[in-house]
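Trainee: Here is a sequence with its predicted model. Questions after.
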Amino acid sequence: MSTASSTAAASATAHGLDRGARVLVFGATGYIGAHLVPRLLREACVVRASGRNRKVLEARGWQGVELVEADALMPDSLPAALAGVDTAYYLVHSMAAGQDFGRLDVQAASHFAAAADSAGVRRIVYLGGLIPEDADSEHLVSRRETGERLRAGRVPVTEIRAGIIVGPGSAAYEVVRDLVNHLPLMLTPRWVRSKSSPIALDNLLEYLVRAAVLDEAAGQVLDAAGPDYLSYEDVMRQYSEVVGKRPLIVPVPVLTPELSARWLGLITAVPTHIARALIGGLKHDLPADDAALRRLVPQRLLSFRESVAAALQAERSHTVAARWTEGLLMFRGFRLDHAFYAKRASGCAVGGASPAAVWHTAATLGGDNGYYTMDWLWWLRGAMDWLVGGPGLTRGRRHPTELRIGDRIDYWTVLALEHGRRLTLNFGMRAPGSGVLEFEIDPEPDADAGHRTRLTISAYWHPQGVWGLLYWYALAPAHLFIFRRMTRAMMRRAEALDAERIQDGGVAS
């Protein structure tokens, strides 16, 4: 965090949330929520983190945080999340649902407002988006209507509206970063001339924490912005200058929002439906009148260039909250020019093997055991790497059955492991980007009380530039084909292992 942000944080301790107050971060698995939780912990609050998937919450590794699984579209899940809560941060949206996400957003807000009232919550803090008067995109209209529906309840609401958030993992920021890193030449649509007021992640978190307890902020809609008012073309040019790149940006009139969304889905790691929702609002200028919020919560606001520098430094310092394979710099080869979000290809199989047997097959791959299917194809890929000076023909492992972090398995390196549940391997061959191969093992309930286990193999690829994208698209079909066969072969091997143990008088765990 910058010196200015640290000073502001010290001030917030004196005037911020009460020590010991229970604070709910509803939507803690999202981008802002994942950063807000550790920020609130520094305020000595009792923090409860809520998300639709408890496993994702657990993967964050937060110490001293209450975890609860809840969904605003399922009202029966809300009382447990809101029980005893003083302040609730509402940070969810339904853009990932694709079509009709606006209606789902409004419905979810209605459920949450009613549940918060029943639970006796003192304040709801909602993070919305900057909204022009003539907004007509579903994304912007949904943000506005969500705030209105929350305010229709009896719990006072503080709505803070922000535009581009500059920080690792922010969708709009990562679109800019991927475009600059991946394309030496950009043919851009007219929306690149639209203007907004980017805000640094640290500045926004400061606003969220401190405004939550101010009586003057109750019932208010407050714009949050940085000191610059820039077009998206200016944003891309300034980012390029900070990272030392010089892409050629050529605006053209023929790219429609639909074509732009599909183009971004191809060039960046942002899913097409999210890109479509974002682009729907980019045709508008998004000015911010942030005088009221600056008066209530004074702090030094970082310029866009300073915000980018702070974001890059945060990644270098390994302070970015990330899932197992997304975002964290160690999964990107410690390269800032490798995309934050990953392209992904997966295959899975469900079978009657025990989780222990499936884990054994995953933990013993490579070396003499090979890769359970189409070993000749794995050898061919390794030979191609060896021809360009890579380690592709390296074979062997430290121990035939045991694993620890840092172990080499042929040309892979063990990056992370949860015994019996997850194994994450770093791709060691030469390629334009960073790759991770992950094995996930999940027991499933079975009506006959027998073993049912799901094995999922996923390749995550963080491309470096246009060559990294071309490399991924060339190999993605092969990944899908191999992983489907490989998971089935591993499941059969695990089932045979269970059968051998039973025959030998052992009991499969």
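Mentor: The structure has been received and is ready for your questions. Numbering: from 1, shown residues only.

Trainee: need the helices for the stretch 401-509 of the chain, in chain order.
Mentor: Secondary structure of the stretch 401-509 of the chain (DSSP state H, counting those that start in this stretch): helices at 465-503.

Trainee: which residues touch stretch 231-241?
Mentor: Identification of contacts with stretch 231-241 by C-beta atoms under 8 Å, 6 or more residues apart in numbering yields 164, 176-177, 179-180, 186, 188, 191-196, 198, 230, 246-247, 249, 251, 282, 304-305, 308. The way it works is simple: take the backbone N, C-alpha and C, and place the C-beta from them, glycine included.

Trainee: and with 10 Å instead?
Mentor: With contact meaning C-beta atoms under 10 Å, 6 or more residues apart in numbering, stretch 231-241 is reached by 164, 166, 172-173, 175-177, 179-181, 183, 186, 188-189, 191-196, 198, 228, 230, 245-247, 249, 251, 282, 285, 303-305, 307-308, 311.

Trainee: Give me the distance between it and the centre of its chain.
Mentor: Here stretch 231-241 is found 23 Å from its chain centre; the criterion is C-alpha atoms, centre = their mean, to the nearest Å.

Trainee: Can you mark which positions in that stretch are buried?
Mentor: For stretch 231-241, burial by neighbour count (16 or more other C-beta atoms under 10 Å) applies to 232-240.

Trainee: could you give the angle of the helix or strand containing residue 175 to helix 465-503?
Mentor: Using DSSP states H and E, residue 175 sits in helix 171-182. Relative orientation of helix 171-182 versus helix 465-503 (axes from the mean of the first three to the mean of the last three C-alpha atoms, to 10 degrees): 110 degrees.

Trainee: CA atoms of helix 171-182 as PDB?
Mentor: The C-alpha trace of helix 171-182 is given here as PDB (Å, rounded to 0.1, in the frame of the first residue of the first chain):
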ATOM      1  CA  ALA A 171     -12.200  -6.900 -15.100                       C
ATOM      2  CA  ALA A 172     -12.000  -3.500 -16.800                       C
ATOM      3  CA  TYR A 173      -8.300  -3.100 -15.800                       C
ATOM      4  CA  GLU A 174      -7.400  -6.600 -17.000                       C
ATOM      5  CA  VAL A 175      -9.100  -5.900 -20.400                       C
ATOM      6  CA  VAL A 176      -6.800  -2.900 -20.800                       C
ATOM      7  CA  ARG A 177      -3.800  -4.900 -19.700                       C
ATOM      8  CA  ASP A 178      -4.500  -7.800 -22.000                       C
ATOM      9  CA  LEU A 179      -5.100  -5.600 -25.000                       C
ATOM     10  CA  VAL A 180      -1.800  -3.700 -24.400                       C
ATOM     11  CA  ASN A 181       0.200  -6.800 -23.700                       C
ATOM     12  CA  HIS A 182      -1.300  -9.000 -26.500                       C
END
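
Trainee: What is the subsequent helix or strand relative to it?
Mentor: strand 185-188.

Trainee: sorry, back to before: can you lay out the buried residues of stretch 231-241 as CSV showing secondary structure and distance to residue 64?
Mentor: Formatted as CSV, those follow (DSSP: H, G, I helix; E, B strand; the rest coil; distance: C-beta to C-beta, whole Å):
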residue, secondary structure, distance to residue 64
232, helix, 40
233, helix, 44
234, helix, 42
235, helix, 37
236, helix, 40
237, helix, 43
238, helix, 39
239, helix, 36
240, helix, 41
